[in-house]
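Colleague: Pasting the sequence and the predicted coordinates here, then a few questions.
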Amino acid sequence: MIAVPIVGFVNHLLEEEAWARDRLAPFAGKRVRVTATPLPDLALAIREGGLLAPAPSGAPDLVIALAAAALPGLARRDESVLQGIAFTGDADLAAAVQFLFRHLEWQVEEDLSRVVGDVAAHRIVGAGREFLAWQKDAAERLGQNLAEYLTEEAGVLAPAAERARFARDVAELADAVERLEKRLDYLARALDGARAPPRGVG
């Protein structure tokens, strides 16, 4: 059942953030259906305390409709994707869900160290930092080269609005990569500190 692992993951995020559970707690007993064509619908129920559970059959209080192709953008909080999601039903619940979409984060750094240990996590962080640096540079160079080709070599001048939107998308991608890189740096420093011997030892 597809709802079980998704509910488990979202509850993991909620359990780490009391403020997020507080946002959902007043809606205990409400049902939410998520449609992401062509994926199967996801039926959820809000439990006491602000956590989720797979919902039994019944009419939902809120329907959230989006395209499956929008899921990667939703994960990185792309505002244009968030604005394209359709909410039908309970307006207060919709507002609470939208707030969570924008602010609830997966603390991947902490989870990584718990699962693989400090040493392995440090190696993964190092490799991830190098990859992200390459990815950020590649994205910036791709955007610059494509813009130059369209405006100079190909003789095709894209409309100003499209050029501005493209430049904004590239900048947002670079900013997102930079934020994740800073989180990886924080984890690396934390791991180094955890391995350091106590004062007066050594």
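Modeller: Here it is on my side, so go on. Numbering: from 1, shown residues only.
Colleague: what's the distance between Ser80 and Leu71?
Modeller: Taking CB to CB, to the nearest Å as the measure, Ser80 and Leu71 are separated by 14 Å. In this view, the C-beta of every residue, glycine as well, is placed from N, C-alpha and C.
Colleague: Next, show the common contact partners of those two.
Modeller: Residues touching both Ser80 and Leu71 (CB atoms under 8 Å, 6 or more residues apart in numbering): none.
Colleague: Can you give me the first-to-last residue distance of stretch 46-58?
Modeller: One end of stretch 46-58 sits 14 Å from the other (CA to CA, to the nearest Å).
Colleague: What residues does the nearest residue to Val4 once chain neighbours are set aside make contact with?
Modeller: Leaving aside its sequence neighbours, Val4 sits nearest to Pro54 (CB to CB, 6 or more residues apart in numbering; 6.4 Å). Contacts of Pro54 were listed using CB under 8 Å, 6+ apart, and they are Met1, Ala3, Val4, Val7, Ala43, Leu44, Ala45.
Colleague: Buried ones among those?
Modeller: By neighbour count, with 16 or more other CB atoms under 10 Å, the contacts of Pro54 hold Ala3, Val7, Ala43, Leu44, Ala45 as buried.
Colleague: Export the residues you listed to CSV and append columns for secondary structure.
Modeller: Converted to CSV, the buried ones among the contacts of Pro54 look like this (DSSP: H, G, I helix; E, B strand; the rest coil):
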residue, secondary structure
Ala3, helix
Val7, helix
Ala43, strand
Leu44, strand
Ala45, strand
